[in-house]
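*Asks:* heads up, no residue letters with this:
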């Protein structure tokens, strides 16, 4: 048991890092889908934008990283606002039209980015102080990933407190639950919707900026990230912050510890896990901690 | 009765004349590849100019153009009109481009081709059409029994084959095999095992990582570390090679497990992206920019002057393809057709290449020396440095 733990400890820690990265991506997708009923297939593109911002602005200094985070967040807010505005007229036309529009935007943006940054995967260096590796009970682990766990973990707690414990969060949750009633109380729900879209998009681009040294920008990364986020949303449950967090941490472990334990089945693990959760809890893992 | 014989004979005569006429027309329609004794010859250059293989395509195009430039724009004493076609990244785009070269442009011969799926899809086009294809990269193990398709590169499983016996003799302990899960990765591991097991090597485990979805190699590296293997043999190329090599170092494997790989892992642009993480990696390849021979000294210098980077094996193979065409066109002389050119290619004999001398075997691939290289820090970044010869293959 102890040797098993020793052998897989690093995989479990990496699962947390990976899970938190997925959380920053999936939470926006989940809230937008849950609240606005908009299926945004351009969500992976936001990660890619953030990662390219990190590549372009990070010069190995702390200031460079800070600038990249600020610019990334602005790009996210702008991108989210734009997507919200574009999908608004399609609100009554169902998911297929939204999917077509946002997928089209994703393809166009991907081509434009490829023509700017080329078709190679561009590795992004973290700040000098976070390069290299740290020893965890005799195993090397990249220092940046440890720092990432700290930062993204803080971000996750912040988002959780904001949505679950603040009055602003209560308003958002109320909009998810019953939009008509919130509107009847004299609140402009469109503003709430735009706000959530922009916030979720900014989280995804910040995830891209911070995640670039782990999952480097390149053609096809937007699709990889989109598929993972969709799986997290399905596993976790729609429109819920705790659900996205649970789903992301589970998928993180499946993608690291799961692959380490069952390498032969690694191509099937992701969707296998989704299938099991769907069969067991069709509403997603969030139904374990919340009563609908 | 007599009437019937007569009409039968007339029909036969008519049929025979029609056949002759058709044959003549056939000859006529094939006139495009009959370059005759004068005028420029048309050569098709089929390389990717878009998609994920663009970097390889650029290397190949650069080296081909360098050869022409060094030879006054001539091959075999004939002016050359090069027609560039974009292979793209799929079998469909590659086939469409090849068809255009052969059918519309009616080229004498074609060179290039990066992707194995492309070459698999255009075998019939060249074999049935009787047009020589002097390929300079793609060479899957399944491509055998061809008459018109030549390759100046290698067969896909040869980098592994070249390294197997060496690793078996020099590594004291089990060796872990890890590769991307697609045809090239499987070819490479099979090639490695062939010579490695024969030389008494011990395999710790054989694992394939999902391709192209794997970007986080941590779980695979954790298993590798836990296996207690002394060394690992891998196959990765392109973006996956960058991710893999960086993570191999970050997770501390480069200090404890010796890394052997097929040369693609650290070839060309990917090495710049890997940087210090690649230091100490051993790879096998049929070429290295620092090879010590006169032809290479001249070629590597000229290439670096022209394009600002050392030549890759992809560039070198394309340079050699131009050289093969040069010698074969000269040998075919005045009676230059695709047919006579193909015969001449088969008889070019030894080629004085930047990689050392080599010649075609019966399969149309090179019999050549393989080298063990190590990634070392140089004054201006990192480079593959030849350590020793691994022996001839082909």
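*Replies:* Perfect, thanks for sending it. What you see is a predicted model; the values in this text were computed from it and never measured.
*Asks:* which phi and psi does the residue of the stretch 1-150 of chain A found nearest chain B have?
*Replies:* As assessed by CB to the nearest CB, chain B sits closest to residue A:140 within the stretch 1-150 of chain A, at 2.5 Å. Using the backbone N, CA and C atoms, a C-beta is placed for each residue, glycine as well. In terms of degrees, to the nearest 10, the main-chain angles of residue A:140 are phi -80, psi 140.
*Asks:* Make sure it is actually in contact with residue B:254.
*Replies:* No - the criterion here is CB atoms under 8 Å, and residue A:140 misses it with residue B:254 at 9.4 Å.
*Asks:* For my notes, confirm residue A:34 occurs in a helix.
*Replies:* Yes - membership of residue A:34 in a helix is supported by DSSP: H, G, I helix; E, B strand; the rest coil.
*Asks:* Tell me who's in contact with it.
*Replies:* By CB atoms under 8 Å, 6 or more residues apart in numbering or on different chains, the contact list for residue A:34 reads A:176, A:238, A:239, A:240.
*Asks:* And residue A:221, by the same measure?
*Replies:* In this structure, residue A:221 makes contact with A:44, A:47, A:48, A:51, A:121, A:215, B:215, judged by CB under 8 Å, 6+ apart.
*Asks:* re earlier: now, which of the contacts of residue A:34 sits nearest residue A:150?
*Replies:* Ranked by distance to residue A:150 (CB to CB), those are led by residue A:240 at 24.2 Å.
*Asks:* State the distance from that closest one to residue A:180.
*Replies:* Per CB to CB, to the nearest Å, residue A:240 is found 20 Å from residue A:180.
*Asks:* which of these two has more neighbours?
*Replies:* residue A:240 (28 against 8; other CB atoms under 10 Å in any protein chain shown).
*Asks:* Quick check, pLDDT for the more buried one.
*Replies:* As predicted, residue A:240 sits at a pLDDT of 85.
*Asks:* isn't it right next to residue A:30, touching?
*Replies:* Yes - at 6.7 Å, residue A:240 counts as touching residue A:30 under the criterion of CB under 8 Å.
*Asks:* Stretch B:309-322 - what's its average pLDDT?
*Replies:* Across stretch B:309-322, the per-residue pLDDT values average to 95.
*Asks:* typed the wrong thing, it's stretch A:214-227
*Replies:* Mean predicted lDDT for stretch A:214-227 stands at 89.
*Asks:* tell me which residues of it are tucked away?
*Replies:* A:214-226 (16 or more other CB atoms under 10 Å in any protein chain shown).
*Asks:* Report how many residues lie close to the closest residue to the residue of the stretch 1-150 of chain A closest to chain B other than its chain neighbours.
*Replies:* Nearest non-adjacent residue to residue A:140, counting by CB to CB, 6 or more residues apart in numbering or on different chains: residue B:252, 2.5 Å away. Number of residues near residue B:252 (other CB under 10 Å) recorded here: 20.
*Asks:* Likewise for residue A:165?
*Replies:* For residue A:165, the count of nearby residues is 10 (other CB under 10 Å).
*Asks:* how far away is it from chain B?
*Replies:* 33 Å (CB to the nearest CB, to the nearest Å).
*Asks:* can you give me the helices for the stretch 251-394 of chain B?
*Replies:* B:253-256, B:269-274, B:294-307, B:313-332, B:338-346 (DSSP state H, counting those that start in this stretch).
*Asks:* Tabulate those (CSV), appending mean neighbour count.
*Replies:* Below are the helices of the stretch 251-394 of chain B laid out as CSV (neighbours: other CB atoms under 10 Å in any protein chain shown):
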stretch, mean neighbour count
helix B:253-256, 15
helix B:269-274, 20
helix B:294-307, 16
helix B:313-332, 25
helix B:338-346, 20
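*Asks:* residues from the stretch 51-200 of chain B in reach of chain A?
*Replies:* By CB under 8 Å from any CB of the partner chain, the residues of the stretch 51-200 of chain B that approach chain A are B:51, B:52, B:54, B:55, B:181.
*Asks:* Greatest separation within those residues: which pair is it?
*Replies:* The widest separation within those (CB to CB) is 23.7 Å, between B:54 and B:181.
*Asks:* Between the two, tell me which one has more neighbours.
*Replies:* More crowded of residue B:54 and residue B:181, by other CB under 10 Å: residue B:54, with 20 against 16.
*Asks:* Quick one: classify residue A:41 as helix, strand or coil.
*Replies:* Under three-state DSSP, residue A:41 falls in the coil class.
*Asks:* what sits against residue B:44?
*Replies:* Listed by CB under 8 Å, 6+ apart, the contact partners of residue B:44 are B:82, B:83, B:85, B:98, B:101, B:102, B:105, B:107, B:109, B:110, B:111, B:112.
*Asks:* Secondary structure added to these, as a markdown table?
*Replies:* Below are the contacts of residue B:44 laid out as a markdown table (three-state DSSP):
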| residue | secondary structure |
| --- | --- |
| B:82 | strand |
| B:83 | strand |
| B:85 | strand |
| B:98 | helix |
| B:101 | helix |
| B:102 | helix |
| B:105 | coil |
| B:107 | coil |
| B:109 | strand |
| B:110 | strand |
| B:111 | strand |
| B:112 | strand |
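*Asks:* need these in CSV with neighbour count, can you?
*Replies:* Below are the contacts of residue B:44 laid out as CSV (neighbours: other CB under 10 Å):
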residue, neighbour count
B:82, 19
B:83, 16
B:85, 25
B:98, 27
B:101, 25
B:102, 25
B:105, 16
B:107, 28
B:109, 28
B:110, 31
B:111, 27
B:112, 32
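*Asks:* Just read off the phi/psi values of the residue of the stretch 151-300 of chain B found nearest chain A.
*Replies:* Chain A sits closest to residue B:252 of the stretch 151-300 of chain B, with a gap of 2.5 Å, by CB to the nearest CB. Dihedral pair for residue B:252: phi 80, psi 10, per degrees, to the nearest 10.
*Asks:* What pLDDT is listed against it?
*Replies:* Per-residue pLDDT puts residue B:252 at 89.
*Asks:* Equivalent analysis for residue A:147, please.
*Replies:* Reported pLDDT at residue A:147 in the predicted model: 93.
*Asks:* which element is residue A:208 on?
*Replies:* Assigned by DSSP states H and E, residue A:208 belongs to helix A:189-211.
*Asks:* and that helix, what other elements does it pack with?
*Replies:* In terms of contacts (3 or more CB pairs under 8 Å, 6 or more residues apart in numbering or on different chains; DSSP states H and E), helix A:189-211 is packed against helix A:2-31, helix A:43-57, helix A:62-87, helix A:143-165, helix A:167-177, helix A:179-184.
*Asks:* Report the buried residues of it.
*Replies:* The neighbour-count check on helix A:189-211 (16+ other CB under 10 Å) flags A:189, A:192-211 as buried.
*Asks:* between it and helix A:43-57, how many degrees?
*Replies:* Calculated by axes from the mean of the first three to the mean of the last three CA atoms, to 10 degrees, helix A:189-211 forms an angle of 50 degrees with helix A:43-57.
*Asks:* for helix A:189-211, the distance to its chain's centre please.
*Replies:* Relative to its parent chain, helix A:189-211 has a centroid offset of 10 Å by CA atoms, centre = their mean, to the nearest Å.
*Asks:* swap in stretch A:65-85?
*Replies:* Centre to centre, stretch against its chain (CA atoms, centre = their mean), the figure for stretch A:65-85 is 14 Å.
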